[in-house]
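Peer 1: Sequence and predicted structure below; questions after.
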Amino acid sequence: MISTYGDSFVFSRQVNNNETWQWFLSEFTHSNVLNFGVGNYGIDQSLLRLKREYEQNRTPVVVMGVVPETIARILGVWKHYSEYGNFFGFKPRFELKDEKLTLVRNVIDSKDKLYNIQSYLHHFQNHDYFYTNKFRKDMLYFPYSISLTRSARRNMPLIMALSKKKVQKYLGKIKTSSNRPWEMVLERNFEIVRSLYRDPDTINLFLKILEDFAAFGKQHKFKPVFLLMPYLQDLLYVKEHGCFYEDFVSQAREILHTIDLTQPLMQSNNLSNYYSSDFYGGHLNKSGNEFVAQIIANEVELFLPSDEQPVNGITKHNDLHY
């Protein structure tokens with residue numbers, strides 16, 4: 001058996017149940033593959049879920065899968081500070097104290113607290129990286145002309161794009177699929193993600209989380225596998241400029257078994273064959289899930305019990321096909 005934890009690429013959003021990579025992995029390994037993926041989760045949340053649920057769902061192999069963007073998700077406690085408008089995105093996170101992980105719990109842990117967010121702003125501001133490094137810099141306040149020019153590199157092109165869209169809509173010339181302002185916001189978020197892979201403190205935090213995952217695996221006698229699943233946006237950038245998380249992956253491999261899907265996916269002549277078509281947030285489609293499931297199967301087969309190990313795609317003596 002194999003259990004999988006992670007974000008929406010583990011949840012396998014945008015496909016049917018029989019088109020997920022877990023479905024195909026189950027076919028390739030002839031074993032039961034459990035899916036505990038949650039959309040928009042960071043690897044910190046996935047690790048906490050694993051620790052909560054492993055005793056009830058013990059498996060000899062645990063795959064922890066995330067997108068490269070998870071490096072930003074592990075720095076926040078209120079997603080509104082990094083993803084403006086995500087007002088209900090509250091989460092725990094880890095911080096490093098004396099090189100050890102310290103859990104910052106999610107303070108919004110009941111429905112009643114949602115109606116009293118104001119009381120917890122001090123907590124959010126103290127523990128969310130993006131409050132100081134993004135949110136405050138983008139705030140607009142009176143006199144607005146000054147605050148606009150303070151972040152002119154972001155604000156002016158965005159205002160021009162919004163104005164252009166409004167005019168085009170008024171004239172009836174805009175296509176419903178056109179949303180350049182939103183694309184600009186996502187492009188800037190992508191720039192921030194790339195910059196975090198150059199930040200030693202953030203890399204250190206990420207690696208400590210992986211070390212904790214590996215230690216939990218050793219403690220509970222399962223094989224921990226770290227799976228990095230790039231967006232299409234990541235791959236297009238890598239193709240043009242090189243891999244911005246290559247050094248991090250090398251360090252991760254020194255800690256635990258790591259599967260980086262970047263190079264296997266890059267070998268495709270047409271990456272769009274493996275991804276859904278929507279901008280940036282496109283997930284792996286049926287073909288993409290089948291492709292990556294084969295890669296994962298080849299990597300994890302040695303860690304499965306002998307009656308679950310596939311040989312050339314065929315499993316010997318197995319009763320666990322679900």
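Peer 2: Yep, that arrived.
Peer 1: which residue ranges form the strands in the protein?
Peer 2: Along the chain, the stretches classed as strands by DSSP state E are 2-6, 33-37, 61-66, 93-97, 100-104, 223-228, 257-260, 310-311, 314-315.
Peer 1: can you map out the helices along the stretch 51-200 of the chain?
Peer 2: 70-73, 111-114, 121-127, 129-130, 136-138, 144-150, 152-171, 180-196, 200-220 (DSSP state H, counting those that start in this stretch).
Peer 1: got a list of contacts for the last one?
Peer 2: Outside of helix 200-220, the residues within contact range by C-beta atoms under 8 Å, 6 or more residues apart in numbering are 43-44, 47, 50-51, 54, 58, 62, 64, 70-71, 74-75, 94-96, 99-101, 196-197, 223-224, 226, 248, 251-252, 255-256. Where you see a C-beta, it was placed from the backbone N, CA and C, and this is true even at glycine.
Peer 1: quick one: low-confidence parts of the stretch 1-150 of the chain?
Peer 2: Within the stretch 1-150 of the chain, the segments meeting pLDDT under 70 span 144, 146-147, 150.
Peer 1: give the contact list for Cys41.
Peer 2: Rather than Cys, residue 41 is Tyr. Residues near Tyr41 by C-beta under 8 Å, 6+ apart: Gly6, Asp7, Ser8, Arg49, Val66, Arg73.
Peer 1: one more time with 6 Å, if that's ok
Peer 2: Residues counted as contacts of Tyr41 (C-beta atoms under 6 Å, 6 or more residues apart in numbering) are Asp7.
Peer 1: gap between it and Pro92?
Peer 2: 11 Å (C-beta to C-beta, to the nearest Å).
Peer 1: How about the backbone phi and psi for the one residue sitting closest to the centre of the chain?
Peer 2: When C-alpha atoms, centre = their mean is applied to the chain, the residue found nearest the centroid is Val67 (3.6 Å). Main-chain torsions, Val67, degrees, to the nearest 10: phi -90, psi 160.
Peer 1: and the gap between Ser277 and Leu271?
Peer 2: 11 Å.
Peer 1: Equivalent analysis for Gly37, please.
Peer 2: 22 Å.
Peer 1: Give me the more crowded residue out of the two.
Peer 2: Gly37 (22 against 16; other C-beta atoms under 10 Å).
Peer 1: Could you check how far that one is from Leu265?
Peer 2: 19 Å.
Peer 1: Same question for Trp23.
Peer 2: 19 Å.
Peer 1: One more: Asp109?
Peer 2: Asp109 is 38 Å from Leu265, by C-beta to C-beta.
Peer 1: quick one, which of the two is more surrounded?
Peer 2: Leu265 (22 against 10).
Peer 1: Contact partners for that one?
Peer 2: Leu235.
Peer 1: cool, and Val33?
Peer 2: By C-beta under 6 Å, 6+ apart, Val33 lies in contact with Ile2, Gln22, Leu25, Ser26.
Peer 1: redo that, cut-off 7 Å
Peer 2: Ile2, Thr4, Gln22, Leu25, Ser26 (C-beta atoms under 7 Å, 6 or more residues apart in numbering).
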